[in-house]
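# heads up, no residue letters with this:
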């Protein structure tokens, strides 16, 4: 489960629901819900100010890293190909942000010195790095869609 003490934990919990969906429109519903909660959580932390893409992206990556998303690449593929009909709307924007976050995590290169420093610490960093590496390996083994490469 997601630790309720972590910032943006509600967003992570809602994002996790996307992987249990069978129908792309249901995935879209949970994506929209997660992004709305992300905005509310950001407002609770930083106050009522606009949440631009430069601020939202690292928060989205953080929430995604703390969610249980073993098949997120498949969700993104189904959303892009079967759920989004309005390519200029809010849903399309949020999906594009999600695609960028998934791509960022999947292509993340962890420098050896950071990796070693995390192994020496008694913190969640090692768990996050291990989860990111496991997700990347799982996606590669599952043969993620070419649009996600």
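Thanks, I have the structure now. This structure is a prediction, so every number in the text was calculated from the model and none was measured.

# just checking, what packs against the top helix by length along the chain?
Taking DSSP state H as the criterion, the chain has its longest helix at helix 24-46. If you count contacts as 3 or more CB pairs under 8 Å, 6 or more residues apart in numbering; DSSP states H and E, helix 24-46 packs onto helix 9-17, helix 53-65, helix 72-78, helix 90-106. The C-beta positions use only the backbone N, C-alpha and C, and glycine is treated the same way.

# so what's the spatially most central residue of the chain up against?
The residue lying closest to the centre of the chain (CA atoms, centre = their mean) is residue 64, at 2.8 Å. Applying CB atoms under 8 Å, 6 or more residues apart in numbering, one finds that residue 64 lies in contact with 12, 15, 72, 98, 101-102, 105.

# buried ones in the longest helix of the chain?
Neighbour-count burial for helix 24-46, with 16 or more other CB atoms under 10 Å as criterion, is recorded at 24, 27-31, 33-35, 37-38, 41-42.

# next: stretch 95-103.
In stretch 95-103, counting by 16+ other CB under 10 Å, buried: 95, 97-99, 101-102.

# which one among these gets closest to residue 83?
Nearest to residue 83, judged by CB to CB, of these is residue 95 at 8.1 Å.

# my read: that closest one touches residue 78, true?
No. Using CB atoms under 8 Å, residue 95 is not in contact with residue 78, being 10.6 Å away.

# which residues of this protein score low on pLDDT?
For the chain, the stretches with pLDDT under 70 are 1-4, 115-149.

# dump the residue contacts of residue 8.
Going by CB under 8 Å, 6+ apart, residue 8 touches 38, 41-42, 59, 62-63, 66.

# likewise residue 22?
Per CB under 8 Å, 6+ apart, neighbours of residue 22: none.
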